[in-house]
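In: Sequence and predicted model, in that order:
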Amino acid sequence: MIARTTGAAIRGILVALLVLTPALYLPVSSTNGTEIVVFLAILAFFLTFAEYNSAFPSFIEFRDAPPVNRLRFVGLVSMVAFLTLICKNAYSPTELTSGFYVIGLGVANVVDFPYSPVRLIVLMLPVNASAPLIELVRIAASVAYVAAMVTIASFYYAVKMRGWPTGNGAFNVWTNLPLFDPTKGGDVVTRLQRDGRLNISIGVLLPFVIPALIKILTDYVSPISLNSPQTLIWTLSAWAFLPASMIMRGMATLRIANLIVEKRRAYSTTESTQTA
């Protein structure tokens, strides 16, 4: 009980610090910005604490199947931290921020090529966007996208090389997939495989589709302004993190489906041997 409460509190504090990070290092765009960020940090703390302190799951998946959520958190923290330092270089440059800016520029020169998701993000900007803003968005999008790719590759390594989730004991579907109802019509394996492939497909397409949709919608609604550094950080982090999270979920559900198939095959073989 004490260990669970302590772990939930630590997770809540880390999530709250993640929300506060850009506001601590960058200027706030409005007079009420500080109060809003603090409120969101407190809300994130209580939601995370309540979820991990409860014995019954609610909406967070794979809470007892590390390192899925740990990799997600580390990936998001990396995006937010790197983008914060890169944006800070435009306001009060230091040796640290200049170093990250140079690294980001090198990443952008590799990742930003025709028809890439990063190029689509740059093309999403309004025609009157300033050259410094375009360059900043280009670098930030490249860094966020590479961080997302590294996060996905890390989970792929955990699945293929480390045998996730078998190293963590028995996998509890109810605890780790609270939104998945195994009793709701159809074979569980078929449904898991369908959900996994769908999540991977959507995750691969989203980085391309989101900029295109925003570009289309600018003809009807006011476009998102990336002039504010905090808006830029959270917009590009969401653009890179959400597809990566969906791909990881798809990989995880496909892995669970394969384990169920292997379990059924082993059980069928055992029954055949006993019958013989």
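Out: That came through fine. Numbering: from 1, shown residues only.

In: Just the C-alphas of stretch 134-147, formatted as CSV.
Out: C-alpha atoms of stretch 134-147 as CSV (Å, rounded to 0.1, in the frame of the first residue of the first chain):
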residue,chain,number,x,y,z
ILE,A,134,10.2,29.0,-40.2
GLU,A,135,13.7,27.9,-39.2
LEU,A,136,12.7,27.5,-35.6
VAL,A,137,9.7,25.4,-36.5
ARG,A,138,11.8,23.3,-39.0
ILE,A,139,14.4,22.5,-36.3
ALA,A,140,11.8,21.8,-33.6
ALA,A,141,9.7,19.6,-35.8
SER,A,142,12.8,17.6,-36.8
VAL,A,143,13.9,17.1,-33.2
ALA,A,144,10.5,16.0,-32.1
TYR,A,145,10.1,13.6,-35.0
VAL,A,146,13.5,12.0,-34.4
ALA,A,147,12.7,11.7,-30.6
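
In: OK, contacts around Ala44?
Out: By C-beta atoms under 8 Å, 6 or more residues apart in numbering, the residues touching Ala44 are Gly12, Val15, Ala16, Leu18, Val19. Using the backbone N, CA and C atoms, a C-beta is placed for each residue, glycine as well.

In: try 10 Å this time
Out: Counting by C-beta atoms under 10 Å, 6 or more residues apart in numbering, Ala44 touches Gly12, Ile13, Leu14, Val15, Ala16, Leu17, Leu18, Val19, Leu20.

In: same thing with Lys184?
Out: Residues in contact with Lys184 (C-beta under 10 Å, 6+ apart) are Arg191.

In: List phi and psi for it.
Out: The phi/psi pair for Lys184 (degrees, to the nearest 10) reads phi -90, psi 90.

In: Would you mind measuring from it to Phe56?
Out: Noted for Lys184: a distance of 19 Å to Phe56, by C-beta to C-beta, to the nearest Å.

In: Work out for me the element the closest residue to Met248 other than its chain neighbours sits within.
Out: Leaving aside its sequence neighbours, Met248 sits nearest to Phe155 (C-beta to C-beta, 6 or more residues apart in numbering; 5.0 Å). Here Phe155, judged by DSSP states H and E, is contained in helix 131-160.

In: returning to what we had before: tell me, how many residues neighbour the residue nearest to Met248?
Out: Residues within reach of Phe155, counting by other C-beta atoms under 10 Å, total 23.

In: same question, Ala55
Out: What Ala55 shows, counting by other C-beta under 10 Å, is a neighbour count of 7.

In: Tell me the secondary structure at it.
Out: coil (DSSP: H, G, I helix; E, B strand; the rest coil).

In: what sits against the spatially closest residue to it that is not a sequence neighbour?
Out: Once flanking residues are discounted, Ala55 sits nearest to Arg4: 8.0 Å by C-beta to C-beta, 6+ apart. Neighbouring residues of Arg4 by C-beta under 10 Å, 6+ apart: Tyr52, Asn53, Ser54, Ala55.

In: now those residues: which count as buried?
Out: Buried members of the contacts of Arg4, scored by 16 or more other C-beta atoms under 10 Å, are Tyr52, Asn53.

In: and which of the contacts of Arg4 is nearest to Ala212?
Out: Distance to Ala212 across the contacts of Arg4 (C-beta to C-beta) is lowest for Tyr52, with 37.0 Å.

In: Okay, and the residue nearest to that closest one when sequence neighbours are not counted sits in which element?
Out: Distance criterion C-beta to C-beta, 6+ apart; nearest residue to Tyr52, sequence neighbours excluded, is Ala8 at 3.8 Å. Per DSSP H and E: Ala8 is located in helix 2-25.

In: how far is the host helix or strand of Ile256 from where the chain is centred?
Out: Ile256 belongs to helix 229-275 when assigned by DSSP H and E. Its chain's C-alpha centre and that of helix 229-275 lie 15 Å apart, by C-alpha atoms, centre = their mean, to the nearest Å.
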